[in-house]
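Chemist: Next input, structure requested:
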Amino acid sequence: MNYPRLAFLALALSLGAQEPSPDPRSEGDPGRPVLRRGGPAKKHEPAQPPPPSVASGLPVEAAPGGRQPERETAAPAELPLIERARLAAYEFNETLPNFICDELVMRYDSQTRIPSWTYRDRVELELLYVDGKEDYRNIRRNGKPLKKGSPEDSGSWSTGEFGSILADIFSSATNAKFRRRGSSTAAGMIADVYDFAVEQPNSHWQIRFGRTVKPAYSGALWIDPKSARVLRIEMGSKQLPADYDIDTVETVVDYSWVTIGSSKYLLPVKSESLSCQRGTFNCSKNEIEFRNYRKFSAESQVMQVESEITFEEEPPNPPPAAPKKKKQ
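Modeler: Numbering: from 1, shown residues only. Take a look at the predicted model:
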């Protein structure tokens, strides 16, 4: 059975009906972000029928009309931290090198008030970040090559972790309202936590589930007071239309320092996305890890990067048989 998709731009998440597979992840795996309606995934149980598919993401353009946020100069130290973070976020998008990393997505469903996550499947791929755009290749689902379509076609998916979400939150067109909450830790560092809220008329977060809506949303940012870099993002939808089949969409992105070549960059290492059907306890969750960051080289462009993933060739179609001649 096929289910409709939900999509959020800045994130893209879609869920399809799929057979469960053994969960290869250790139950003791620590350090995952926890969504409000989430909670850690436990050892999988017999699968139940999955809820309708959902997809989410933020558009690449963080402002109406395809405009990108204007580049600004480096932030003076005397500026408030939230303004320094805004400038650092714009610089982040412009200074990222082209790179490749491995993405692992573990997908779960739950149908109970207190979430009890049932393992659904896993998707592995190589994510290419080239000139500010994400692309995917060598996609596997449960260890088998996905020969056709995109990762989104195989079920729940998300995009935008590499700058789109952050740029949109800080965009002047979004006009988010920030309020300092206090201090906490993220990525092993002391961080200042800022709550934020975005009104519906300024929202660019597109959620697609049958039809596209742009809800109001709120969340929080964990910001390193020294570098003004964002270490963690939490955000969730508010006031989705009453006739919409989804009433909850949440996402979390955790950043950490990774080495690409000889330089260090603050990049996503873990993320989670969650969506729930209106008026039910039926929820779906993706747990995402980004690993093995490395430089994108000229060889990558012609698809010659070494990879353990291979694709089986389709057998050639036989030529059509010649029409038989009628006997006179």
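Chemist: Residue 285 should be in a strand, yeah?
Modeler: Yes. Residue 285 sits within a strand when classified using DSSP: H, G, I helix; E, B strand; the rest coil.
Chemist: Isn't it up against residue 252?
Modeler: No. The criterion here is Cβ atoms under 8 Å, and residue 285 misses it with residue 252 at 10.5 Å. Using the backbone N, CA and C atoms, a C-beta is placed for each residue, glycine as well.
Chemist: who's in contact with residue 176?
Modeler: When contacts are counted by Cβ atoms under 8 Å, 6 or more residues apart in numbering, residue 176 is found next to 169-170, 196-198, 202.
Chemist: again with residue 218
Modeler: 195-198, 235-236, 238.
Chemist: Now for it, which secondary structure element holds it?
Modeler: If you go by DSSP states H and E, residue 218 is part of strand 216-223.
Chemist: Same check on residue 242?
Modeler: Applying DSSP H and E, one finds residue 242 in no helix or strand.
Chemist: Kindly report the same for the one 10 residues further on.
Modeler: In this assignment (DSSP H and E), residue 252 forms part of strand 246-260.
Chemist: Direction included, what does the helix or strand just after that strand pair up with?
Modeler: Once the chain leaves strand 246-260, the next helix or strand it forms, by DSSP H and E, is strand 263-277. With DSSP bridges as the test, strand 263-277 is paired with strand 246-260 (antiparallel), strand 283-295 (antiparallel).
Chemist: what would those look like in JSON lines with mean pLDDT, distance to residue 181 and mean neighbour count?
Modeler: Shown next, in JSON lines, are the strands paired with strand 263-277 (pLDDT from 0 to 100; distance: least, Cβ to Cβ, whole Å; neighbours: other Cβ atoms under 10 Å):
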{"stretch": "strand 246-260", "mean pLDDT": "93", "distance to residue 181": "16", "mean neighbour count": "21"}
{"stretch": "strand 283-295", "mean pLDDT": "94", "distance to residue 181": "25", "mean neighbour count": "20"}
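Chemist: I'd like the ones you listed as TSV, with distance to residue 112 appended.
Modeler: Below are the strands paired with strand 263-277 laid out as TSV (distance: least, Cβ to Cβ, whole Å):
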stretch	distance to residue 112
strand 246-260	15
strand 283-295	9
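Chemist: picking up where we left off before, which of the contacts of residue 176 count as buried?
Modeler: 169-170, 196, 198, 202 (16 or more other Cβ atoms under 10 Å).
Chemist: Out of those, which sit inside strands?
Modeler: In strands, judged by DSSP state E, the following of the buried ones among the contacts of residue 176 are found: 196, 198.
Chemist: where does the stretch 1-150 of the chain have low pLDDT?
Modeler: Applying pLDDT under 70 to the stretch 1-150 of the chain flags the ranges 1-77, 149-150.
Chemist: ok, back up a step: looking at the contacts of residue 176, which is nearest residue 92?
Modeler: residue 170 (10.1 Å; Cβ to Cβ).
Chemist: What angle do strand 263-277 and the helix ranked longest in the chain make with each other?
Modeler: Identified as the longest helix of the chain according to DSSP state H is helix 81-95. Using axes from the mean of the first three to the mean of the last three Cα atoms, to 10 degrees, the direction of helix 81-95 lies 110 degrees away from that of strand 263-277.
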